[in-house]
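Novice: Just to be clear, the model below is a prediction. Sequence and coordinates:
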Amino acid sequence: MATIPLQADRFVGFDGYKQLYFIKDNILHKQGSEGVYVFSDFQLGKISSVDIINPLKVVIFYETVNTVVFVDNRLNEIERINFNNLPQFVTISTATNAGNNRLWIFNVDTQQLELYDYRSSRKTIVSQPFSGKLLSQASNFNYCFMLTERKLRAFNVYGSILSEMEAMDFDKIIQQNENVLALKDNALYMVQMLPGENSEKTIHPIKITLPENPIKDLQLSQDLLYIYDGINILTFSLTPPKQ
């Protein structure tokens with residue numbers, strides 16, 4: 001288990017080039033072999049989320065002002081989208097990278113997951129309206145996983161719901177490729193949300209055995225699990241448990 005000390009308000013994660021991202025005093029920091037970079041715009045309020053799945057186009061979401069900012073690998077601003085100014089006004093509570101000039105967004109007005117193409121300003125409704133509050137969203141270019149108070153659901157970019165299960169009082173989810181980890185009472189569970197063709201439909205979360213450290217933030221990247229306990233980043237090699 002590797003340990004990296006970090007003084008931060010929030011740990012974002014490591015990108016595919018092993019560069020570290022974190023938030024301190026509402027400033028996004030990036031540091032590593034490529035250098036040290038920062039981004040901030042205090043007029044936009046608190047940073048709600050940062051998506052680093054594409055390090056060349058990082059997605060920074062500010063929920064209070066309904067705005068997304070894209071920055072490059074040096075954290076220079078590329079462009080921004082103010083959803084208040086769109087012809088079809090929409091209030092969103094999440095925004096993550098879906099690739100091909102698209103974002104996964106959760107439309108608060110309709111309680112639906114949508115794919116928004118910010119080049120053509122077109123959106124595609126992915127889900128039926130949700131019941132219950134949205135607690136956590138985790139996504140990549142192929143799938144989006146949505147955790148509400150009642151259900152955990154998996155969707156693909158074609159708008160199909162792939163699976164769902166009871167929420168089981170999970171607090172937060174993270175993902176990488178087809179792996180989903182759910183956090184509950186400072187414990188982590190592996191959830192196989194995308195069963196193979198011959199797999200059973202019933203989803204059985206499996207608890208992952210880890211040292212008892214407080215989990216403030218976490219990331220799953222390239223089969224490595226990073227846990228930030230508020231003082232250190234702890235690195236674990238993640239072996240999927242047997243079903």
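Specialist: Cool, the structure landed.
Novice: And residue 65, its phi and psi?
Specialist: Torsion angles at residue 65 (phi, psi; degrees, to the nearest 10) stand at phi -110, psi 10.
Novice: Can you tell me how far residue 210 is from residue 3?
Specialist: Distance of residue 210 to residue 3, given as Cβ to Cβ, to the nearest Å: 14 Å. (C-beta placed from N, C-alpha, C; glycine too.)
Novice: And the two? Which one has more around it.
Specialist: residue 210 (16 against 11; other Cβ atoms under 10 Å).
Novice: I'd say the more buried one and residue 190 touch.
Specialist: No: Residue 210 is beyond contact range of residue 190, at 11.5 Å (criterion: Cβ atoms under 8 Å).
Novice: Could you tell me how far stretch 103-111 lies from the centre of the chain?
Specialist: Distance of stretch 103-111 from the chain centroid (Cα atoms, centre = their mean, to the nearest Å) equals 15 Å.
Novice: export that stretch as PDB, just CAs?
Specialist: The C-alpha coordinates for stretch 103-111 follow below in PDB (Å, rounded to 0.1, in the frame of the first residue of the first chain):
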ATOM      1  CA  LEU A 103     -21.900  15.600 -21.500                       C
ATOM      2  CA  TRP A 104     -24.000  13.400 -19.300                       C
ATOM      3  CA  ILE A 105     -26.300  15.800 -17.500                       C
ATOM      4  CA  PHE A 106     -29.100  15.400 -14.900                       C
ATOM      5  CA  ASN A 107     -32.000  17.600 -15.700                       C
ATOM      6  CA  VAL A 108     -33.400  18.800 -12.400                       C
ATOM      7  CA  ASP A 109     -36.500  20.200 -14.100                       C
ATOM      8  CA  THR A 110     -37.600  16.900 -15.500                       C
ATOM      9  CA  GLN A 111     -35.600  14.600 -13.200                       C
END
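Novice: helices or strands up against the longest strand anywhere in the chain?
Specialist: Counting by DSSP state E, the longest strand found in the chain is strand 92-99. Judged by 3 or more Cβ pairs under 8 Å, 6 or more residues apart in numbering; DSSP states H and E, the packing partners of strand 92-99 are strand 49-51, strand 58-62, strand 102-107, strand 134-139.
Novice: make it 7 Å
Specialist: strand 58-62, strand 102-107, strand 134-139 (3 or more Cβ pairs under 7 Å, 6 or more residues apart in numbering; DSSP states H and E).
Novice: Give me the residues contacting the following helix or strand past the second one.
Specialist: The element immediately downstream of strand 102-107 (helix or strand, assigned by DSSP states H and E) is strand 112-117. Residues from elsewhere that reach strand 112-117 (Cβ atoms under 7 Å, 6 or more residues apart in numbering): 98, 101-107, 123-129, 144, 146, 155, 157.
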